[in-house]
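# coords please:
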Amino acid sequence: MRAVTDPVAAITHTIFGGIGMTAQLRCLAVQQPFAWALCANVKSIENRTWTTKYRGTIVIVASSATAQIKRYQKDAKPEKLSTEHLTVSAAIGLVDIVDVVPLNPKIEGNSWAFGPYCWQLANGRLFKAPIPCKGKLNLYLPDDELAQKISAQAPVAKAPTLDRSGSAWIAAMTNIPADERIYAHMENYIKLDDWDNVLRMSASGLALNPDDFDFLANQA
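Residues are numbered from 1 along each chain as shown. Predicted structure coming up:
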């Protein structure tokens, strides 16, 4: 077989065993702690305001933002959340895009699903060592230097075994009150112009807390 010299094509060759070598691996910047949860193969949905036709493996780049980390740490009870494993400004692992669908009743039960577009992901795995780099908007191609470093780590990337700290983070990210989930779903159904589900969420919200009628009316 002809040697693969292009760094990006080399990554695809490594991951897919030479199949589909014309495909080019993309990167996606995600804030921590969600970037880690994806590569730990725990977070199965990434919520975005936009969709993509791309399917296959992507590189997860942990962005420089730390606002979400601080928010969860502030609200953490009773266990303090360690940030030892939450590297920022680095490519930290890989995940596969299986499908992208708008928020819908079938996936509302997934604790990670909020929408408006739900990227359904699988096979998350972490690099042995984070690769320092800056994130960019949307799906983007890595430069040659980054591609070479990804290529070196991709074959041995794997999902970690969750320790107590990791489990605490997952619990914090998924322990969302029912009313907050309803409001988030309702807001994103509005963005999707899915008014049947907006009305359904309104009814669910009122059943849960009739005092929130004014809020729900304003949302709709």
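# The spatially most central residue of the chain bridge partners, please.
In the chain, the residue lying closest to the centroid (CA atoms, centre = their mean) is residue 46, at 3.4 Å. Per DSSP bridges, the residues bridged to residue 46 are residue 119.
# Make 331 the starting number, not 1.
That works, and once the first residue is 331, the last one we named lands at residue 376.
# hang on, isn't it packed against residue 364?
Yes. Using CB atoms under 8 Å, residue 376 is in contact with residue 364, at 7.4 Å. Using the backbone N, CA and C atoms, a C-beta is placed for each residue, glycine as well.
# residues touching the residue nearest to the centre of the chain, list them.
358, 360, 364, 368, 442, 448, 449, 451 (CB atoms under 8 Å, 6 or more residues apart in numbering).
# quick one: which of the residues you listed is nearest residue 538?
Each of those was scored against residue 538 by CB to CB, and residue 442 proved nearest at 20.8 Å.
# what about the closest one, helix or strand, and which?
Under DSSP states H and E, no helix or strand contains residue 442.
# Please name the residues that touch it.
373, 374, 375, 376, 377, 504.
# Roughly how far does the fourth one sit from residue 493?
When you say that, I think you mean residue 376. According to CB to CB, to the nearest Å, residue 376 and residue 493 sit 23 Å apart.
# One more: the fifth one?
Using CB to CB, we find residue 377 at a distance of 26 Å from residue 493.
# And the second one, by the same measure?
Residue 374 sits 20 Å away from residue 493, taking CB to CB as the criterion.
# The two: which is more packed in?
More crowded of residue 374 and residue 493, by other CB atoms under 10 Å: residue 374, with 20 against 10.
# ok, that one touching residue 451?
Yes. Counting by CB under 8 Å, residue 451 is a contact partner of residue 374 at 5.8 Å.
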